[in-house]
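**Q** Can you look at this prediction? I've put the sequence above it.
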Amino acid sequence: MATIIIPFPFRKHTDSQREVTVSGNTLSESLEDLLKQHSGLQVIHDQPGLLSIFINGKAVAATPDEWKNIAITDSDEISLIIPIAGG
């Protein structure tokens with residue numbers, strides 16, 4: 001099962017868990033499993049542009065429609081990152 005790293009502001013929806021183990025063969029399935037476990041994270045589905053997604057440290061340059069084509073293995077670490085703007 002893959003692991004999803006939860007950013008601090010969203011941990012209130014995961015009972016303060018930093019990591020959540022999910023099942024799924026694709027990024028889309030893995031995120032759906034995360035939402036089944038923690039429905040408070042629905043914002044990930046509703047506003048996917050709010051987060052950047054990294055798999056094993058590499059940025060995912062795909063639209064949410066393409067997430068179903070990104071394979072996930074049990075050893076993968078998916079990081080949800082809140083982009084910070086500044087200047």
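**A** Alright, I've got the coordinates.

**Q** With just CA atoms, put the helix or strand of the chain with the lowest mean pLDDT into CSV.
**A** In the chain, no helix or strand scores lower on mean pLDDT, DSSP states H and E than helix 43-46, which sits at a mean of 80. Extracted in CSV, the C-alpha atoms of helix 43-46 (Å, rounded to 0.1, in the frame of the first residue of the first chain):
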residue,chain,number,x,y,z
VAL,A,43,-11.1,19.8,-1.0
ILE,A,44,-8.4,17.7,-2.8
HIS,A,45,-11.1,16.5,-5.1
ASP,A,46,-13.0,19.7,-5.4
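
**Q** what helices or strands is it leaning on?
**A** On a contact count with 3 or more Cβ pairs under 8 Å, 6 or more residues apart in numbering; DSSP states H and E, helix 43-46 meets helix 27-37. For every residue, glycine as well, the C-beta is placed using N, CA and C.

**Q** Output the below-cut-off pLDDT ranges for this protein.
**A** Applying pLDDT under 70 to the chain flags residues 86-87.

**Q** give me that answer again for 90
**A** Within the chain, the segments meeting pLDDT under 90 span 42-51, 61-64, 82-87.

**Q** where do the strands sit along it?
**A** 2-5, 19-22, 52-55, 58-59, 77-81 (DSSP state E).

**Q** for those strands, which one ends up most surrounded?
**A** For these, the largest average neighbour count (mean count of other Cβ atoms under 10 Å) is found in strand 2-5, namely a mean of 20.

**Q** Could you list the residues in contact with that one?
**A** Outside strand 2-5, the residues that touch it by Cβ atoms under 8 Å, 6 or more residues apart in numbering are 18-24, 30-31, 34, 72-80.

**Q** same question, stretch 77-87
**A** Here stretch 77-87 makes contact (Cβ under 8 Å, 6+ apart) with 2-7, 9-10, 22, 27, 30, 44, 50-57, 72.
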